[in-house]
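Q: take a look and give me a structure for this.
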Amino acid sequence: MLAHLIFWSLIISFIMPIKFECKVTAIHPAFDANGNEYVCVEFSYESTQQPAVLTLPPEAPPEAKAFLPLLQSIPKAFLRPVKTYSNRLTIYLTPEEWDNLPTPYRVGDTFTVTIEQNGEILVKQA
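A: Predicted structure coming up:
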């Protein structure tokens, strides 16, 4: 029974496309080695942030140990950026391709990216 389930999960994983949500976080000019201009569009997702853990080694001086509770009381909003994004997909369009887009991308737009098993990549506004 377990072998049967593993078999079908492997079959389905080879058939199913890969999908993920992302948003446009940057649009900026870029240039290749020959000086050709492109419009770079970065699609990113919000990264999960690891909690900050403040510890001191046992041999730390008492002054440092007295300072630790003060550091731990600082709100996390001051210690880390509010949101951190990681790129998932970056495309480079020529200025002509950018101008020919029916609706140009805007920073903040949300998309679903689908990668089909045949290699086709579909970027669809959510």
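Q: go through stretch 39-47 and flag the buried ones.
A: Buried residues in stretch 39-47, counted by 16 or more other CB atoms under 10 Å: 39, 41-45. Placement of C-beta: from N, CA and C, glycine included.
Q: need the three-state assignment for Gly35.
A: coil (DSSP: H, G, I helix; E, B strand; the rest coil).
Q: how many other residues sit next to it?
A: 6 (other CB atoms under 10 Å).
Q: so where do the strands sit in the chain?
A: 18-31, 37-46, 85-93, 110-115, 121-125 (DSSP state E).
Q: most packed of the ones you listed?
A: Comparing the strands of the chain by mean neighbour count (mean count of other CB atoms under 10 Å), strand 37-46 ranks first with a mean of 18.
Q: check which helices and strands that one is in contact with.
A: Where contact means 3 or more CB pairs under 8 Å, 6 or more residues apart in numbering; DSSP states H and E, strand 37-46 is packed against strand 18-31, strand 85-93, helix 95-100.
Q: please consider this matter closed, and thank you.
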